[in-house]
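**Student:** Prediction below, plus the sequence it came from.
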Amino acid sequence: MITSRNLQFSYSPQKQFAFPDISCADKEALLILGQSGRGKTTFLHLLALLLKPDSGNIHIDNRELSGLSHTERTNIRAKSLGIIYQRAHFVGALSVLDNILLSSYLAGNKQDKEKAAYLAEQLGFADHLHKKTTQLSQGEQQRVSIARALMNNPNVILADEPTSNLDDNNCQKVVELLKNQAFSIGASLVVVTHDQRLKDEFPNQVFL
Ligand SMILES: Nc1ncnc2c1ncn2[C@@H]1O[C@H](COP(=O)(O)OP(=O)(O)OP(=O)(O)O)[C@@H](O)[C@H]1O
């Protein structure tokens, strides 16, 4: 469960944001829609504890998250959040499989190769597990970053434009997989996007 209340953030006096309150329960999905530059990534990075709000608060599983130390925020991010970034960041020297397993290692969890292989199969990149991430297309890299985010059974999945590099067929598959995975592990799924194809896939929507 994730909620936000009265979140405000500014990059500068000229660039200030006041975000709508959101609430996304376990096993629910929320779509946050907005045109380019409306602050979708900024909002997601606040929810992901990567940025600190000027005011307002965020609760994850009824825990209030303002006032936490840097280390506490990092721990929550590693253990409780699955983040799919707009641009995937991988360790270039590692294989696709090792990049996926790295997120388990960083969270202090066991490195479950079977789960990584299952997610790769579901997301359609099982043939690429032993390649370097640089050898994959943008769409394939996006699907790898989704698998990586799901590895630790996070309480909350935060996805920034998870379908922007995908064709219609893969877009549909990825949305289904994200929703099914979130449901099966009891997570809240929050997606920010300008991808209008997702409008009909999520009954709960907020507009920026
Ligand atoms: N680090 C930063 N410093 C200053 N301004 C920033 C910074 N990051 C983003 N912005 C500005 O804040 C606004 C919102 O950016 P953000 O990336 O959150 O929008 P977005 O809705 O995700 O856009 P897009 O759909 O194009 O990715 C933009 O005008 C951007 O230029």
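**Tutor:** Sure, I can see it. Not measured: the values here are computed from a predicted model.
**Student:** Around the ligand, which positions in this structure sit nearby?
**Tutor:** Residues of the chain lying near the ligand by CB under 6 Å from any ligand atom: 11, 15, 34, 36-42, 194. Using the backbone N, CA and C atoms, a C-beta is placed for each residue, glycine as well.
**Student:** In strands, which of the residues you listed fall?
**Tutor:** 11, 15 (DSSP state E).
**Student:** Now the two most distant members of the residues of the chain next to the ligand.
**Tutor:** Y11 and H194 (19.7 Å; CB to CB).
**Student:** Neighbour count: these two, which is higher?
**Tutor:** H194 (15 against 11; other CB atoms under 10 Å).
**Student:** Show me the helices in the chain, by range?
**Tutor:** Residue ranges of the helices in the chain, as given by DSSP state H, are 40-47, 70-80, 96-106, 113-123, 138-150, 168-185.
**Student:** List buried residues within the residues of the chain next to the ligand.
**Tutor:** With neighbours counted by 16 or more other CB atoms under 10 Å, the residues of the chain next to the ligand contain buried members at 34, 38-42.
**Student:** ok, the closest residue to L51 other than its chain neighbours - how many residues close by?
**Tutor:** Excluding its sequence neighbours, the residue lying closest to L51 (CB to CB, 6 or more residues apart in numbering) is H45, at 4.6 Å. Other residues lying near H45 total 20 when counted by other CB under 10 Å.
**Student:** Next: the one 10 residues further on.
**Tutor:** Neighbouring residues of S55 were enumerated by other CB under 10 Å; the total is 11.
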